[in-house]
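Novice: Sequence first, then the predicted structure, then my questions.
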Amino acid sequence: MSAGVQRRWQGLLFVAPFLLLYCTILIYPLLKGAWLSLYRVDLFGGGTFVGLGNYGRLFADPVFWQSMANTLLLALMIVPLLTAIALALALALNRATRGAAILRGVFFSSAVLSVTIVTLIWRFVLAPDAGLLGELWTAAGWAPLPFLSDQSLVLPALAVTTIWWSVGFPMLLFLAGLQQIPHDMYEAAALDGAGRWTTFTKVTLPALKRTTILVFMLQTAAQLQLFGQSQLLTAGGPSGASRTAVLFLFESAFGRWELGYASAAAEVLFVLIVAVTLTQYALTGRPGADNAR
Amino acid sequence: MPGLQLRGVAKSFRNTEVLSNVDLDVAPREFIAFLGPSGSGKSTLLRIIAGLETADAGEVILDDRRIDGLPPGQRGVAMVFQHYALYPHMSVRQNMAFGLRNARVPQDQIDRLVEDAARVLEIDPLLERKPAQLSGGQRQRVAIGRAIVKSPKLFLLDEPLSNLDAALRLRTRVELAQLRERVESAFIMVTHDQAEAMTLADRIVVFNDRRIQQIAAPMEIYARPANRFVAQFVGSPAMSILPATLADGGTLASVKLGDGSRIDTSVGRDSLPAGAQVELGLRPEHVRVVLSGEANTEATVDLVERLGERSLVYARLRDGQQVTAEAEGTTTAKVGDTVGLRIDGAAAHLFGPDGTGYHRAAA
């Protein structure tokens, strides 16, 4: 064996532990899921090969389509708003004062809560009879709105809950992005007579382009997998109006024990997420090409 | 009065005073260098003039207009930053046009100004490139171009050459000198490189310890330093300073060094303060290594630096005082040798107990 080949094998040895773990908990389930989606199978015992039968059933299933539509609608409500709010918070809190440091902690603190706590808190806020918003509405002399039991209000309510829960991390990414902008850039803009809005649109925003793309792609991928809030707050109701794609496949797999059918739904969602994020990547151009100083 | 005037400018950061009661007048088209060690307040003063820092007290007046309350963009000044501060996502053209666009200059005029400046700076082939695609020297030119197109009354340069390699720095220095001939503006350049200050400036402002130490033409600063700090900061290698005792009598001062040798200076006896303790300042070129017959004292060699046309000899007098002397390039002196020194007393400087410099009467 030549020295070069030997060195290559030694290199592989160093990455082997990670590769092994990666294959076991990611690659294997991915392939296994694709394989399962071709079978009619439950949790007990072997299955029957049905080819693309599961997919055929899925595409004819109105409940699946409703859950996909709900998921896309939620992502559309959450991602742009979440990105804008996170950016606004980062801009407001990007200063070295004590108050800003405390507020940064406050806004990030929701991100460390588990989804169970988050939905519990928001149930107290949204419940029409005793919730915070209900009380406010009553105090203003209006009838309380049934956020969680009205088909047209439940998705916005879920979106608000999710934004409240998820805003911390994107805010942190934007703060990190803002810190990367050299201060003399702003001084140059001041000497160039740029006002606040011009400075924001011509200096700050272009410098945050990569961060914004990153936040958008991460959040899109995350919100297309929205599950806990929907399951715990409304259990997908009323009449499926808040059932998301992951809740649908959870119910199929662990409610009706249709593993093959659920796997087929998972594969469709997987392809959708990959397609959406790749499209975003392509549309925003190759980031980084013009960002070096 | 045209030009720039600073009146009583003071600045503190928290409890640390960085500038104390600074006055300065800069004539139109004058090139001023702010020279001083790090932390001497020179950059802070530049930033106060630019409007990037606010003074705690004092006035900044440019062409009869008080500008210290105005935002940076309305002061009629342009600045070249140490790290250029080009906008990375804009092309060279957009970088240079940004300030004009904000000032609502018509587009055809912007194009003409940018292209004229680019031609002068020889960056016209680069106009559509981004800063990341430029070399350090090219970025420097773009930064200068961005300042030129605004036709400012005053250019502020913050260590503009410090990021360039040695060869490029020399070339850019020459180009800066040519640039200032072409434009109708005054220049203020912050630097800690005395060669830059000496070669480019009409007058040098030496800063140290929150205050202006001296404002004078480069050769005046070199030949007649106002105090001990200026004397040692300007000139390379630094002036040797030796404790000395003033001898009685005479119209010109004579001093006795610690090793007993007597130096006759050309400094008027009357100008000196009372008291016999002074310090003698000697530039290396005024202390020659000579044969013992011509010497007026002798010293032991610590180090010899051979620079080609001349050598620098770092030596100690018999009483241990350090002195830097010059010798021929071909000198045979080596470490440990005892050599004769001829001190040119007529060119020597004297410093009083408070550090004030005293020099021979102006010719």
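Specialist: Now that the structure is in, tell me what you want to look at.
Novice: okay, the closest residue to chain B within chain A: pLDDT?
Specialist: Relative to chain B, the nearest point of chain A is residue A:193 (2.8 Å; Cβ to the nearest Cβ). For every residue, glycine as well, the C-beta is placed using N, CA and C. pLDDT for residue A:193: 91.
Novice: doesn't it fall inside a helix?
Specialist: No. Assessed by DSSP: H, G, I helix; E, B strand; the rest coil, residue A:193 does not belong to a helix; its assignment is coil.
Novice: Neighbours of the closest residue to it other than its chain neighbours, how many?
Specialist: In space, and not counting its chain neighbours, residue A:193 is closest to residue B:73: 2.8 Å by Cβ to Cβ, 6 or more residues apart in numbering or on different chains. The local packing count at residue B:73 equals 20, with neighbours defined by other Cβ atoms under 10 Å in any protein chain shown.
Novice: ditto for residue B:69
Specialist: Residue B:69: 11 surrounding residues under other Cβ under 10 Å.
Novice: What strand or helix carries it?
Specialist: Under the criterion DSSP states H and E, no helix or strand holds residue B:69.
Novice: I figured residue B:313 was touching residue B:328, is that so?
Specialist: No. With contact defined as Cβ atoms under 8 Å, residue B:313 and residue B:328 do not form a contacting pair (10.4 Å).
Novice: Confirm for me that the residue nearest to residue A:193 is in contact with residue A:191.
Specialist: Yes. The criterion here is Cβ under 8 Å, and residue B:73 meets it with residue A:191 at 6.0 Å.
Novice: Spit out the residues that contact these two alike.
Specialist: Shared contacts of residue B:73 and residue A:191 (Cβ atoms under 8 Å, 6 or more residues apart in numbering or on different chains): residue B:99.
Novice: Doesn't residue A:272 belong to a strand?
Specialist: No. Per three-state DSSP, residue A:272 lies outside any strand segment and is helix.
Novice: thought the residue of chain A closest to chain B was touching residue B:100?
Specialist: No. In this structure, residue A:193 is not within contact of residue B:100 by Cβ under 8 Å, at 9.1 Å.
Novice: Would you mind giving both backbone torsions of residue A:22?
Specialist: Backbone torsions of residue A:22, given as degrees, to the nearest 10, read phi -60, psi -40.
Novice: now it: how far from residue B:92?
Specialist: 45 Å (Cβ to Cβ, to the nearest Å).
Novice: Same check on residue B:20?
Specialist: Distance from residue B:20 to residue B:92, by Cβ to Cβ: 41 Å.
Novice: Low-confidence ranges, the chain, go.
Specialist: I went with chain A, as the question did not name one. A:1-4, A:45, A:285-293 (pLDDT under 70).
Novice: Chain B was what I was after
Specialist: In chain B, residues with pLDDT under 70: B:362-363.
Novice: For it, which residues are neighbours of chain A?
Specialist: B:50-52, B:71-74, B:77-79, B:81-83, B:85-90, B:98-99, B:102-103, B:130-132, B:146 (Cβ under 8 Å from any Cβ of the partner chain).
Novice: Which secondary structure elements does the helix or strand harbouring residue A:280 sit against?
Specialist: Using DSSP H and E, residue A:280 maps to helix A:259-283. On a contact count with 3 or more Cβ pairs under 8 Å, 6 or more residues apart in numbering or on different chains; DSSP states H and E, helix A:259-283 meets helix A:28-36, strand A:39-40, helix A:53-59, helix A:62-93, helix A:209-223, helix A:245-254.
Novice: got the contact list for stretch B:37-50?
Specialist: Looking at what lies outside stretch B:37-50 - Cβ under 8 Å, 6+ apart - the contacts are A:187, A:191, B:4, B:6, B:9, B:11, B:18-19, B:22, B:34-36, B:53-55, B:60, B:68, B:72, B:75, B:77, B:79, B:154, B:156, B:158-159, B:188, B:190, B:192, B:205, B:207-211, B:233.
Novice: What number of residues are in the vicinity of residue 72?
Specialist: Just so you know, I chose chain A. Neighbours around residue A:72, by other Cβ under 10 Å: 16.
Novice: wrong one, I was asking about chain B
Specialist: Around residue B:72 there are 22 residues (other Cβ under 10 Å).
Novice: for residue A:75, same thing?
Specialist: 24.
Novice: Leaving out the residues flanking it, which one is nearest to residue 218?
Specialist: As the question left the chain open, I've gone with chain A. residue A:170 (7.7 Å).
Novice: actually chain B
Specialist: residue B:198 (4.5 Å).
Novice: if I look at that neighbour, how far off is chain A?
Specialist: Per Cβ to the nearest Cβ, to the nearest Å, residue B:198 is found 27 Å from chain A.
Novice: hang on, residue A:256 is in a helix, isn't it?
Specialist: No. Counting by three-state DSSP, residue A:256 is not found in a helix; it is coil.
Novice: For it, grab the count of nearby residues.
Specialist: Neighbours around residue A:256, by other Cβ under 10 Å: 11.
Novice: ok, it - contacts?
Specialist: So residue A:256 contacts nothing (Cβ under 8 Å, 6+ apart).
Novice: Compare residue B:20 and residue B:92 (neighbour count), which wins?
Specialist: residue B:92 (27 against 16).
Novice: quick one, phi/psi of that one?
Specialist: phi -60, psi -40.
Novice: residues touching it, list them.
Specialist: Residue B:92 touches B:118, B:123, B:126, B:127, B:128, B:129, B:130, B:131, B:134, B:142, B:145, counting by Cβ under 8 Å, 6+ apart.
Novice: Neighbour-wise, which one of those leads?
Specialist: When neighbours are taken as other Cβ under 10 Å, the top entry among these is residue B:142 (26 neighbours).
Novice: Now for residue 148: which residues touch it?
Specialist: No chain was given, so I picked chain A. So residue A:148 contacts A:123, A:126, A:127, A:128, A:154, A:157, A:233, A:234 (Cβ under 8 Å, 6+ apart).
Novice: ah, I was thinking of chain B
Specialist: Residue B:148 neighbours (Cβ under 8 Å, 6+ apart): B:78, B:117, B:120, B:121, B:179, B:183.
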